[in-house]
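[1] A predicted structure for the sequence below; I have some questions about it.
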Amino acid sequence: MTEDRRTHTCGDLRLADAGRDVLLMGWAASVRDHGGCVFINLRDRYGITQIKADQTVAPEAFSLATGIKMESVVRVHGRVADRGSNRNPNLATGEIEIEAAFLEVLNPAKPVPFTIVDDVDASEVTRLNYRYLDLRRPVLAKNLILRSKVARLTREFLDAQGFLEIETPILCNPTPEGARDFLVPSRVHPGDFYALPQSPQTYKQILMVAGFDRYYQIARCFRDEDLRADRQPEFTQIDMEVSFATPELMYELIEGMLATIWKGVFDLDLQRPFPRMPYSEAMEKYGCDKPDLRFGMPMVTITDVVAASGFKVFADVAARDGVVTALRVPDAESFSRKDLDGLTKVATDNGAKGLAWFKIGAEEWSGSAAKFLNPEEKQAIRDRTGAGVGDLLLVVADDAGPARQALGAVRLKVGDRLGLREAGKWSFLWVENFPMFEWDAGENRPVAVHHPFTSCVPEDLDLLETQPLKMRARAYDVILNGTELGGGSIRIHRRDVQARVFKALGLTEEAAKTKFGFLLEAFEYGAPPHGGIALGLDRLIMLLTGASSIRDVIAFPKTTSATDLMTASPSAVDPGQLRDLHLEISKSSK
RNA sequence: GGGGUGGUAGUUAAGUCGGUUAUAACGCCGGCCUGUCAAGCCGGAGGCCGCGGGUUCGAGUCCCGUCCACCCCGCCA
């Protein structure tokens, strides 16, 4: 061995390699000292290989091995040997071990704050402080390896479809709509600021005007909003834009891309095309715009059936144009009073004033308000919902929005409870025909449901100045198992239409010109019709890996207060730096 | 901004009604041990009970404030 290069990784060697001379390097994952011999589990990101150092065979290697501390970096030269009757079925390399001839500690490690194993017992604070140790854990490493594979599959697929990968600026202009921007002060222009992109939206539209008819980018995006288990201030999108696009073309492309990913990751053929559902149906049947269709159990509107009911709550809601909506659940008897109280809490937490429940018995109905319903009403409810003896009916009466949202949340809880939200089941869905705008009571104006560059269903355009809230957008979301994987739209490509939409959003002509003048002008120089979509890569990896936190699919994530525990960022800066940037920190904020 | 849960040895946790020297496991240190699989056995060291006040003869324990982490609501075109 003239060269100090490893011959194999710690996941490579098999029984067929027995007898070979090899050189391995890796981390000591465990050191088991038996007196006359020492076993070392040598780990790298490819796997674990057992090293054996025997006093009688290689005294020097043996004495070195006895002193090896966990997580030290070790170089081993030895021969691959059959483990015979002592094989370890839990390791891919478990049929063999390396009989060490020479051994060297390349870098000794201090005692580690936690043991590097998959079912780690350290708190997340400790793990994030020592992220480099946490990332040595095979489960976490596996997530990042999968992430890399998905990015590669994405690039290969899009490249084959004629897409160009084009980078767009990280230093952009602040945006008036949407999330809070991260700002970057300009040194050269005192008092002026860049913003980090919330998405490359306007740049990719400009690329369409420039003639790059198929663009994509695995793009980092930044939004200065509070964090969640599935939300980080910086995140990654698979961002695409296509000239001469139709929704059908976008569906085909995204379905093809996801099918390629699922084939590459699970060797699974996705069923295509994905089902589609109008927004209005999603809201009515599932109480949200991203229904989990791994199970059915749609909600059913029964307002008309109970409008004249003796149960005042139902009758009153019906009288004031509210909605009474019902969920039929099988096997009522498996739901205890405590379960039902729990579901009631889910309903009230989600904006409902309460949850009525009825257990349909052979003779009588039992439940909170059963005595207020007459036999005809009960029969009508059964006819409408299809409920039979032994079923449970959960009912919320309120204004349409809160009633459906609350019962939709109850539906998901019931799905969990009945084990209907199975891991490993993949239920894709396109939701389409979103409303173009919704009313923002705080701002006292309509705001774009998707974003201000979204076009509307052509026949709705004339409603823009009169009834904008009635307009349907040419927008689409791709949903997987109740999670929004991504969303997009066919864009506006005409200056006059874009100007009218800005106006409807309450943007003055002057503000529109200042913020988006370049886009409006570009539309006057031959902008092709175009559309696009962006998929959340972090969430996609979460779903593929089953990770419960977005932090487990990002190499260096932030805590819920947007700090990095390892590097202790953000941090104070030198006064000179502030001076360069023409900034002053106000006393009250510190 | 609001609600909830948690913070005790290097790590993970226990700690009763406020009362003796704050426990345990793993890790660490020393010793034994040639077929372990996060080896095992014997012995030992190791504490700002998150931080700051308060109540009390006495506080890990009760009260007030504060910091940090996680989950949720608001927010996230």
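    Yep, that arrived.
[2] every contact and neighbour count from this point should use C-alpha atoms.
    Fine.
[3] in terms of helices and strands, where is the closest residue to A:D224 other than its chain neighbours?
    Nearest in space to A:D224, with sequence neighbours left out and distances taken as CA to CA, 6 or more residues apart in numbering, is A:R180 at 5.1 Å. A:R180 belongs to no helix or strand when assigned by DSSP states H and E.
[4] next, count neighbours for A:R180.
    Look at A:R180: counted by other CA atoms under 10 Å, it has 15 neighbours.
[5] confidence-wise, which helix or strand of chain A is lowest on average?
    None of the helices or strands of chain A scores lower by mean pLDDT, DSSP states H and E than helix A:337-349, at a mean of 84.
[6] tell me the pLDDT of the residue nearest to A:D224.
    Here the pLDDT value assigned to A:R180 is 95.
[7] tell me who's in contact with the closest residue to RNA strand B within the stretch 301-450 of chain A.
    Proximity to RNA strand B, evaluated over the stretch 301-450 of chain A using CA to the nearest atom of the strand, is greatest for A:H450 at 3.3 Å. Going by CA atoms under 8 Å, 6 or more residues apart in numbering, A:H450 touches A:436, A:475, A:488.
[8] just checking, the first one touches A:P446?
    To tie it back to what came earlier, the one meant is A:M436. No: counting by CA atoms under 8 Å, A:M436 sits too far from A:P446 to count as a contact (9.3 Å).
[9] any common contacting residues for these two?
    Joint contacts of A:M436 and A:P446 (CA under 8 Å, 6+ apart) are A:468-469.
[10] dump the C-alpha coordinates for stretch A:516-531 into PDB.
    Only the C-alpha atoms of stretch A:516-531 are listed here, as PDB (Å, rounded to 0.1, in the frame of the first residue of the first chain):
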ATOM      1  CA  PHE A 516     -43.300  46.600 -10.600                       C
ATOM      2  CA  GLY A 517     -42.700  49.100 -13.400                       C
ATOM      3  CA  PHE A 518     -40.100  46.800 -15.000                       C
ATOM      4  CA  LEU A 519     -42.500  43.900 -15.200                       C
ATOM      5  CA  LEU A 520     -45.300  46.100 -16.700                       C
ATOM      6  CA  GLU A 521     -42.900  47.500 -19.200                       C
ATOM      7  CA  ALA A 522     -41.500  44.000 -20.100                       C
ATOM      8  CA  PHE A 523     -45.100  42.900 -20.800                       C
ATOM      9  CA  GLU A 524     -45.100  45.500 -23.600                       C
ATOM     10  CA  TYR A 525     -42.300  44.000 -25.500                       C
ATOM     11  CA  GLY A 526     -43.800  40.600 -26.500                       C
ATOM     12  CA  ALA A 527     -44.400  38.700 -23.300                       C
ATOM     13  CA  PRO A 528     -45.500  35.100 -24.000                       C
ATOM     14  CA  PRO A 529     -48.400  33.600 -22.100                       C
ATOM     15  CA  HIS A 530     -46.800  31.700 -19.300                       C
ATOM     16  CA  GLY A 531     -47.300  29.900 -16.100                       C
END
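[11] tell me which residues in that stretch are buried?
    For stretch A:516-531, the neighbour count (16 or more other CA atoms under 10 Å) marks A:516-517, A:519-520, A:522-523, A:527-531 as buried.
[12] where does the prediction get shaky in chain A?
    A:1-3, A:587-590 (pLDDT under 70).
[13] longest helix in it, by number of residues?
    helix A:138-160 (DSSP state H).
[14] quick one on the thing from earlier: elements contacting the helix or strand just after the least confident helix or strand of chain A?
    Scanning forward in sequence from helix A:337-349 by DSSP H and E, the next helix or strand is strand A:356-360. On a contact count with 3 or more CA pairs under 8 Å, 6 or more residues apart in numbering; DSSP states H and E, strand A:356-360 meets strand A:365-367, strand A:392-398.
[15] Serialize those strands to TSV and add fields for mean neighbour count.
    Formatted as TSV, the helices and strands packed on strand A:356-360 follow (neighbours: other CA atoms under 10 Å):
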stretch	mean neighbour count
strand A:365-367	17
strand A:392-398	26
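[16] so for A:E241, which of those sits nearest?
    Evaluated with CA to CA, those place strand A:392-398 nearest to A:E241, the distance being 40.8 Å.
[17] quick check: buried residues in the next helix or strand after the closest one?
    Next helix or strand after strand A:392-398 toward the C-terminus (DSSP H and E): helix A:400-417. By neighbour count with 16+ other CA under 10 Å, helix A:400-417 contains the buried residues A:400-415.
[18] is helix A:400-417 anywhere near RNA strand B?
    No: using CA under 7 Å from any atom of the strand, helix A:400-417 never reaches RNA strand B; the gap is at least 9.6 Å.
[19] next one: that helix to chain centre, how far?
    21 Å (CA atoms, centre = their mean, to the nearest Å).
[20] ok, and what's touching it?
    Residues outside helix A:400-417 that contact it (CA under 8 Å, 6+ apart): A:283-284, A:286-288, A:292, A:295, A:297, A:299, A:322-327, A:343, A:346-352, A:394-397, A:421.
[21] if we can go back for a sec, report the separation between the residue nearest to A:D224 and A:D192.
    17 Å (CA to CA, to the nearest Å).
[22] residues in contact with A:Q161?
    Going by CA under 8 Å, 6+ apart, A:Q161 touches no other residue.
[23] recalculate using a threshold of 10 Å.
    Contacts for A:Q161 (CA atoms under 10 Å, 6 or more residues apart in numbering) come out as A:155, A:214, A:253, A:256-257.
[24] repeat for A:E438
    The contact partners of A:E438, taken as CA under 10 Å, 6+ apart, are A:445-450, A:468-471.
[25] ok, now with 8 Å
    Shown in contact with A:E438 (CA under 8 Å, 6+ apart): A:446-449, A:469.
[26] repeat for A:G361
    A:389-390.
[27] same check on A:I261?
    A:I261 makes contact with A:150, A:153-154, according to CA under 8 Å, 6+ apart.
[28] count the neighbours of A:M299 for me.
    For A:M299, the count of nearby residues is 23 (other CA under 10 Å).
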